[in-house]
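Novice: Please work out how this folds:
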Amino acid sequence: MPIHRHAVFGFPVAHSRSPFIHAMFGEQCGVALRYERIEAEPEVFAEKLEAFRSEGGRGANVTLPLKEWAARLCGELSPAAKLAGAANTLLWREDHWYGDNTDGAGLVRDIETNLRWPLHDRRVLLLGAGGAARGAIPALFDAGIAGLCIANRTPERAQALANDLAAAGPIRVLALDDVSEAGRFDLILNATSAGRGGAPLELPGTLPAPGALCYDLSYGAAAAPFLSWAGKSEAAARSDGLGMLVEQAALAFALWHGQLPHTPPVLAALRKEQAA
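Specialist: Numbering: from 1, shown residues only. Below is the predicted model:
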């Protein structure tokens, strides 16, 4: 049985749970693989990616801050990656890298399938305008949300993102300090780094509408401040992004190997590890 070589590129990347996730997927699907972490600053990413390919690597994941760099290195992009201007999954095809963005689809799968919370006709507030937000927006509109508002500390950056993704759907932009002016939301997504390191997150507790879901695209300690705020607000449910991590990885695995893994046991194993 051939051993397939994969890697996740990022800076930093030592914290990544992707090797654990893909090892479980490989065992489940009968695919022998070797999966490693490769730390790469943006300036040397292209060089390290080429070294990985020359040594037999044919499929890679890409995490922050390299997703937009990855898209520029691809000879071909999926519609999702092209619209987002960012790629988190790479597949070598004969003479070029094919780039896909499974972040948004992974987010939608986690919310609708794992959390059983339908997105259709929901009013959504997205906090942050970085790479994580870029991948999520097109998939949210594809899932049928009623409207999207981006709130960011630098509204100019949020407006640039809204302009880039205008084809996905109508997007309203606000400064983070003015977010209370936008009313109440059914879904509040945190894609910022605000509050990391244990600092409190300062948001109005009245932002969530009745029955709202508050969801942090990060997981573990990075998601704790936002989830703490959500627990004190009027939100009905809250979740970190661990399920999104597993679901986007499953879609990457399917692109590489033609098999979509069963994700619940992998997510359960990670939740158990997280709780220990």
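
Novice: hey, which helix or strand in this protein has the poorest pLDDT?
Specialist: Using mean pLDDT, DSSP states H and E, the weakest-scoring helix or strand in the chain turns out to be helix 131-142, at a mean of 88.

Novice: Okay, now the unreliable bits of the stretch 101-250 of the chain?
Specialist: 194-201 (pLDDT under 70).

Novice: ranges for the strands of it?
Specialist: Ranges of strands in the stretch 101-250 of the chain, per DSSP state E, counting those that start in this stretch, are 123-127, 147-152, 171-175, 185-190, 208-216, 237-239.

Novice: can you list these in JSON lines and add mean neighbour count and distance to N88?
Specialist: Every C-beta, even on glycine, is put in place using the N, C-alpha and C of the backbone. What follows is the strands of the stretch 101-250 of the chain, written out as JSON lines (neighbours: other C-beta atoms under 10 Å; distance: least, C-beta to C-beta, whole Å):
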{"stretch": "strand 123-127", "mean neighbour count": "24", "distance to N88": "18"}
{"stretch": "strand 147-152", "mean neighbour count": "24", "distance to N88": "20"}
{"stretch": "strand 171-175", "mean neighbour count": "17", "distance to N88": "21"}
{"stretch": "strand 185-190", "mean neighbour count": "25", "distance to N88": "17"}
{"stretch": "strand 208-216", "mean neighbour count": "21", "distance to N88": "18"}
{"stretch": "strand 237-239", "mean neighbour count": "18", "distance to N88": "20"}
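
Novice: Turn those strands into TSV, including distance to V31.
Specialist: Formatted as TSV, these follow (distance: least, C-beta to C-beta, whole Å):
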stretch	distance to V31
strand 123-127	35
strand 147-152	37
strand 171-175	39
strand 185-190	32
strand 208-216	30
strand 237-239	29
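
Novice: so which of the ones you listed comes closest to E55?
Specialist: Checking the strands of the stretch 101-250 of the chain against E55 by C-beta to C-beta gives strand 208-216 as the closest, at 35.8 Å.

Novice: Counting by contacts, list what the closest one packs against.
Specialist: Secondary-structure packing of strand 208-216 (3 or more C-beta pairs under 8 Å, 6 or more residues apart in numbering; DSSP states H and E): strand 185-190, helix 224-232, strand 237-239.
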